[in-house]
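# I'd like to go over a predicted model; first the sequence, then the structure.
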Amino acid sequence: MSSLLSLSLSIAVLGGIWAFLALGPLAGFVLVWAGFIAWGCFFHSGGDSKALTKTICGNIYGAFVGWIALMIIFTFGIGDHGVAAIAALVAVTVFFLVIVASMDALSVVPAYVYNNASIVAYTLHASAQPGLTTMSFANPLILIAVSMALGAVFGCLSGALAKMLTGSTSGRVTA
């Protein structure tokens, strides 16, 4: 079986399982779309065991920096000071988002950019601001981080399944 066909089949099967879990028994604990973003990030990051670490670490770091920005916006009312204040906050948090790229576990910048954007978009779209300080899945930091970590694991599993289908022994599967 070709690498592309095996990867397509493995992602289709596990993607269906992920969607079922996220929309069924794990609804409210994970977001289907966030898992798929991390899944893609896993393959974007190299599709191997190092990619799993970099994806999970990067996704969690990105969510954390986004969460900090949201806490500042809502706690100190930055939004009340106009667009320039929000733009300045974005500039500062994006600096801290990217400056860590020399660390191996955080060396894939898109991994944390994806999750930074995801937590901010989810929080603003879902009006999840009241949950920012709770220690539950109502907190976007927890919800997005768990969703992304599990999505990355599913990405790793789909790569492993694709390798099994092709009989490959290499460290990663690519299309």
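Received it, and whenever you're ready, just let me know what you need.

# which residues touch C41?
The contact partners of C41, by C-beta atoms under 8 Å, 6 or more residues apart in numbering, come to T55, G58, N59, V108, P110, A111, Y114, M148, G151, A152, G155. C-beta here means a position set from N, CA and C on the backbone, and glycine is covered the same way.

# Tell me which helix or strand it sits in.
In the assignment (DSSP states H and E), C41 maps to helix 32-44.

# Pull out the buried residues from that helix.
If you call a residue buried by 16 or more other C-beta atoms under 10 Å, then helix 32-44 has these buried ones: V32, A34, G35, F36, I37, A38, W39, G40, C41, F42, F43, H44.

# what's the angle between whichever helix or strand comes after it and helix 32-44?
Downstream of helix 32-44, the first helix or strand assigned by DSSP H and E is helix 49-76. If you take axes from the mean of the first three to the mean of the last three C-alpha atoms, to 10 degrees, helix 49-76 sits at 140 degrees to helix 32-44.

# Show me what helix 49-76 is packed up against.
Other elements packing on helix 49-76 under the criterion 3 or more C-beta pairs under 8 Å, 6 or more residues apart in numbering; DSSP states H and E are helix 32-44, helix 83-98, helix 109-125, helix 140-166.

# Output the second one as PDB, restricted to C-alpha atoms.
The C-alpha coordinates for helix 83-98 follow below in PDB (Å, rounded to 0.1, in the frame of the first residue of the first chain):
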ATOM      1  CA  VAL A  83      -7.500  49.500  19.500                       C
ATOM      2  CA  ALA A  84      -4.000  50.900  20.100                       C
ATOM      3  CA  ALA A  85      -4.000  49.400  23.600                       C
ATOM      4  CA  ILE A  86      -5.000  46.000  22.300                       C
ATOM      5  CA  ALA A  87      -2.500  46.200  19.500                       C
ATOM      6  CA  ALA A  88       0.300  47.000  22.000                       C
ATOM      7  CA  LEU A  89      -0.700  44.000  24.100                       C
ATOM      8  CA  VAL A  90      -0.700  41.800  21.100                       C
ATOM      9  CA  ALA A  91       2.800  43.000  20.200                       C
ATOM     10  CA  VAL A  92       4.100  42.300  23.700                       C
ATOM     11  CA  THR A  93       2.500  38.900  23.900                       C
ATOM     12  CA  VAL A  94       3.600  37.900  20.400                       C
ATOM     13  CA  PHE A  95       7.200  38.800  21.300                       C
ATOM     14  CA  PHE A  96       7.100  36.400  24.300                       C
ATOM     15  CA  LEU A  97       5.300  33.900  22.100                       C
ATOM     16  CA  VAL A  98       8.200  33.700  19.600                       C
END
